[in-house]
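*Asks:* Predicted model follows, preceded by the sequence.
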Amino acid sequence: MSYDIEYPNFSHSEYSRKLAEKYGYNDWMISRFLKFIPNTKLLLEYVEKNKSSHAEYIRANNLKIDSISLKKRLVEKGYLLKDTILKEVFKIDMTRNVNNPNSDKKTNLTTIGSTLEYLKGYYYIQDLSSCIAVDELEINEKDSTTVLDMAASPGGKTSFIAQKMNNKGNIIACEPNRKRIPSLLFNLSRCGVKNTTIFNISGEDAEKLGIKFDRVLLDAPCSCEGIITKDETRKKSRDLKDIEICSIKQKKLIQSAFQVLKPNGKMVYCTCSFAPEENEMVVDELMRNNGDNDLELEPVKYGNDGLTEYDNRQFDKDLRYTKRLYPHIHHTNGFFIAKLRKKK
Amino acid sequence: MFEILPPSAETILKRAFNNWGIFSLYEKMDIVVKSPKNKESSQIEKTSLENLLGKNNRDLQVHVCSNSLQKELTIKLQPAHSGIIIGQIKNKKFLPNLNFAELVVKHNPFLNYPYVILEDKSASLVIYGRDIMGNAIISFFKGIKENQTVIILNQNKDVIGMGKSRFGDNLITQRDKITIDTVQDIGTHYLKEENKYALHGD
């Protein structure tokens, strides 16, 4: 029997304390995880097991090379690439060499971030979860399409949007932190992106540009709980106050995003956090503030259904259309994706 | 500050596109230029003086936009960045960068421009800035002149850098001598930025 079921009253239980102690987390994190992450213990074990070799994905940059040619070139170099649910995205197994796939010995392949193909911008190292979020924007390749990326650096999702648009139309990328603009610029340039205009402003101020958008991507600044596999410091470096601060910011950002959407325009809201306060609660508040006549949630294709209740609070039933991705279930970063359409 | 292409710069760019065999591409491009912000005020004074003297020596970054709307927005809203940078106009000369080289290679399939193709081992060194020995060159543009800008390619015809020739014609392949200085390469810039934001869930 799963411990998650055995201890229904999780708050600071002996069980959560034991798990926190064993895996090196803050106790409050585990007691919260037990409330909304399916099979929490498996997640913690997964994080431990994969902290030095987490799943790595690359996204072929079709602005520069087609996916098949890229795969061929990397396979020739010895990398083992597996297809994923997205045709542009491959999972890389760095522990195996294509010439000897059954050997357990670590290969001497150079890291995937130092190949010629990487430097040329033929691919971008990007988690599958991020790619799914962009894919859900349902972007058509049209000259007239205008897309807003509200928090763009370091440019992975922006360059994927540009790829979906085949460098046509217009992307407006907001980045409030001036220090992060060089990395954004570098990545866009490396990937051959030219349909993007970068503004050194907060996404909240996008309305001041006087533009309405067909699509908006809000990859909101968050507590980043979902990337624990990649960054172990997240086990202890955040507290509940951080989640609250993020949640307040996210609620402002999502409202701003909604304001600049054209009628019938679509918005994807995503975070790399597990916290319902940063995910379902943010979307639920937007729905409460704007009403059923103004917007609707559309189903996201991949992942576990979003929560419809948490901590004695009921959310709009359509929150089930949002999706949660978990490292131990989906082999991605922890991620949340909601897709909304503006009705009028 | 972003602005439309001044006539003097237009002439310089057209000449450059023509020299690299991609003149027909020029007319299809939506180009804006950016002058460095921190020099803006002094540049304006300098420009006025230069205009009086019939000169215009401002340094300009050349950006290619995707369409006319992006170009309009760029001039009107003055963003932090727009489009893709293909080079710089400095002292009345266009200095192309690697993005420009990509355009040349893509739109001039007959290799009708100064280039060299390197064998694999040298190509992997050039990526991080190593100069080129004559014996590393397995193929080259027959009209290469001394002190000319050349596009450096690997055997897959990927642009891996840009260089300056020390010799002309067949002397470019002299054994055991550096015959081309690598001026720009795809790896050095990346090294500066490497893993800066690797942990962000992008």
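*Replies:* Looks like it came in fine.
*Asks:* neighbours of the residue lying closest to residue A:120 once chain neighbours are set aside, just the number please.
*Replies:* Of all residues not flanking residue A:120 in the chain, residue B:158 sits nearest, at 5.7 Å (C-beta to C-beta, 6 or more residues apart in numbering or on different chains). Where you see a C-beta, it was placed from the backbone N, CA and C, and this is true even at glycine. As a burial measure, residue B:158 scores 21 neighbours (other C-beta atoms under 10 Å in any protein chain shown).
*Asks:* which strand of chain A spans the most residues?
*Replies:* Criterion DSSP state E: the longest strand present in chain A is strand A:261-271.
*Asks:* For that strand, what does the pLDDT average out to?
*Replies:* In this model, strand A:261-271 has a mean pLDDT of 97.
*Asks:* One more: stretch A:280-295?
*Replies:* 93.
*Asks:* Only alpha carbons, please: show that stretch as CSV.
*Replies:* This file holds the C-alpha atoms of stretch A:280-295, laid out as CSV (Å, rounded to 0.1, in the frame of the first residue of the first chain):
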residue,chain,number,x,y,z
GLU,A,280,-4.3,26.3,-10.7
MET,A,281,-5.0,29.1,-8.2
VAL,A,282,-3.5,31.7,-10.6
VAL,A,283,-5.7,30.4,-13.5
ASP,A,284,-8.7,30.0,-11.3
GLU,A,285,-8.4,33.6,-10.2
LEU,A,286,-8.2,34.9,-13.8
MET,A,287,-11.4,32.9,-14.5
ARG,A,288,-13.2,34.3,-11.5
ASN,A,289,-12.1,37.9,-12.4
ASN,A,290,-13.1,37.6,-16.0
GLY,A,291,-16.1,35.2,-16.2
ASP,A,292,-17.2,32.4,-18.5
ASN,A,293,-18.3,34.8,-21.2
ASP,A,294,-14.8,36.2,-21.6
LEU,A,295,-12.6,33.1,-21.6
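*Asks:* Identify the residues contacting that stretch?
*Replies:* For stretch A:280-295, contacts defined as C-beta atoms under 8 Å, 6 or more residues apart in numbering or on different chains pick out A:220, A:247, A:250-251, A:254-255, A:258, A:269, A:297, A:306-308, A:310, A:313, A:315-316, A:318-319, A:322, A:336, A:338, A:340-344.
*Asks:* Next, work out how far apart residue B:91 and residue B:12 are.
*Replies:* Look at residue B:91 and residue B:12: by C-beta to C-beta, to the nearest Å, they are 10 Å apart.
*Asks:* thinking again about what came up before, could you double-check that the residue nearest to residue A:120 sits in contact with residue A:115?
*Replies:* No. Between residue B:158 and residue A:115 there is no contact under C-beta atoms under 8 Å: 11.4 Å.
*Asks:* Just give me the neighbour total for residue 15.
*Replies:* All of this is about chain A. Neighbours around residue A:15, by other C-beta under 10 Å: 18.
*Asks:* Wait, chain B was what I had in mind.
*Replies:* Neighbours of residue B:15 under the rule other C-beta under 10 Å: 14.
*Asks:* residue ranges with poor pLDDT in chain A?
*Replies:* Chain A contains residues with pLDDT under 70 at A:1-12, A:52-54, A:95-107.
*Asks:* Quick test: name the residue nearest the centre of it.
*Replies:* Nearest to the geometric centre of chain A sits residue A:130, at 3.8 Å (C-alpha atoms, centre = their mean).
*Asks:* and it, backbone torsions?
*Replies:* Main-chain torsions, residue A:130, degrees, to the nearest 10: phi -60, psi -40.
*Asks:* re earlier: between residue B:91 and residue B:12, who's got more neighbours?
*Replies:* Remark: of residue B:91 and residue B:12, residue B:12 carries more neighbours, 20 against 8, as counted by other C-beta under 10 Å.
*Asks:* one step back: the residue nearest to the centre of chain A and residue A:155 touch, don't they?
*Replies:* No. Using C-beta under 8 Å as the test, residue A:130 is too far from residue A:155 to be in contact (11.3 Å).
*Asks:* Would you mind splitting chain B into its domains for me?
*Replies:* Chain B resolves into domains spanning B:2-104, B:114-189 when parsed by automatic domain parsing.
*Asks:* Compare the mean pLDDT across the ones you listed and name the weakest.
*Replies:* For the domains of chain B, mean pLDDT drops lowest on domain B:2-104, to a mean of 85.
*Asks:* Can you give me the first-to-last residue distance of that domain?
*Replies:* Taking C-alpha to C-alpha, to the nearest Å, the first and last residues of domain B:2-104 lie 25 Å apart.
*Asks:* Name the residues of the stretch 51-200 of chain A found near chain B, please.
*Replies:* For the stretch 51-200 of chain A, the contact set with chain B under C-beta under 8 Å from any C-beta of the partner chain comprises A:73, A:113, A:116, A:119-120, A:126-127, A:129-130, A:143, A:153-157, A:167-170, A:175, A:178, A:180-183, A:185-186, A:188-190, A:192-200.
*Asks:* Residue B:88 is in what secondary structure piece?
*Replies:* Element membership for residue B:88, per DSSP states H and E: strand B:84-90.
*Asks:* typo on my end, it should be residue B:181
*Replies:* Using DSSP H and E, residue B:181 sits in strand B:178-185.
*Asks:* Give me the contact list for that strand.
*Replies:* Taking C-beta under 8 Å, 6+ apart as the rule, strand B:178-185 contacts B:97-98, B:116, B:126-134, B:137, B:149-150, B:152, B:160-167, B:171-173.
*Asks:* Helices of chain B, residue ranges please.
*Replies:* B:7-19, B:23-26, B:40-52, B:68-77, B:98-107, B:120-126, B:188-193 (DSSP state H).
*Asks:* and these, which is most packed in?
*Replies:* Most buried of the helices of chain B, by mean neighbour count (mean count of other C-beta atoms under 10 Å in any protein chain shown): helix B:98-107, with a mean of 20.
*Asks:* Quick one: work out the angle between that one and helix B:7-19.
*Replies:* If you take axes from the mean of the first three to the mean of the last three C-alpha atoms, to 10 degrees, helix B:98-107 sits at 50 degrees to helix B:7-19.
*Asks:* Just checking helix B:98-107 against chain A, any contact.
*Replies:* Yes. Using C-beta under 8 Å from any C-beta, helix B:98-107 comes into contact with chain A via B:99, B:102.
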